[in-house]
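Asker: my questions are about this predicted structure, shown below with the sequence.
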Amino acid sequence: MIEHHVGKGISEAQRRRWVQLMDACADAAGLPDNPEFCSAFVGSIECGARLAGLNGAPDVEVEPDAPTPPWGWGETGGP
């Protein structure tokens, strides 16, 4: 997944908008509104968006097979 963002030059405004849209989609899909679940979900989305921004910066070299941080309810991961 990480290699899909290489060279994309994702701006901070684009990153924030993606997080906003993912949150809205989660609500529209009827994902649980449990506070712990929401916190884990938003944390994962934020982490992924930050990674996409970092890996999409110009002249960044990434490991093509680098693992994507795991996600799960009640689990932590990421940078």
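Answerer: Cool, the structure landed. Here the structure is a predicted model, which means the values were calculated and not measured.
Asker: how about the helix or strand bottoming out on mean pLDDT in the chain as PDB, C-alpha atoms only?
Answerer: For the chain, counting by mean pLDDT, DSSP states H and E, helix 35-55 ranks last in confidence among helices and strands (a mean of 86). The C-alpha trace of helix 35-55 is given here as PDB (Å, rounded to 0.1, in the frame of the first residue of the first chain):
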ATOM      1  CA  PRO A  35     -16.100   6.000  21.600                       C
ATOM      2  CA  GLU A  36     -13.300   3.400  21.800                       C
ATOM      3  CA  PHE A  37     -14.000   2.100  18.300                       C
ATOM      4  CA  CYS A  38     -14.200   5.600  16.900                       C
ATOM      5  CA  SER A  39     -11.000   6.600  18.500                       C
ATOM      6  CA  ALA A  40      -9.200   3.500  17.100                       C
ATOM      7  CA  PHE A  41     -10.700   4.100  13.700                       C
ATOM      8  CA  VAL A  42      -9.800   7.800  13.500                       C
ATOM      9  CA  GLY A  43      -6.400   7.100  14.900                       C
ATOM     10  CA  SER A  44      -5.800   4.500  12.100                       C
ATOM     11  CA  ILE A  45      -7.100   6.800   9.400                       C
ATOM     12  CA  GLU A  46      -4.900   9.700  10.700                       C
ATOM     13  CA  CYS A  47      -1.800   7.400  10.900                       C
ATOM     14  CA  GLY A  48      -2.400   6.200   7.300                       C
ATOM     15  CA  ALA A  49      -2.900   9.700   6.000                       C
ATOM     16  CA  ARG A  50       0.300  10.900   7.600                       C
ATOM     17  CA  LEU A  51       2.200   7.900   6.100                       C
ATOM     18  CA  ALA A  52       0.700   8.700   2.700                       C
ATOM     19  CA  GLY A  53       1.900  12.300   3.000                       C
ATOM     20  CA  LEU A  54       5.400  11.300   4.100                       C
ATOM     21  CA  ASN A  55       5.800   8.700   1.500                       C
END
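Asker: buried ones in that helix?
Answerer: Neighbour-count burial for helix 35-55, counted by 16 or more other Cβ atoms under 10 Å, picks out 40-41, 44-53, 55. From N, CA and C alone the C-beta is placed, and that goes for glycine too.
Asker: could you do stretch 26-34 as well?
Answerer: By neighbour count on 16+ other Cβ under 10 Å, the buried set for stretch 26-34 is residue 26.
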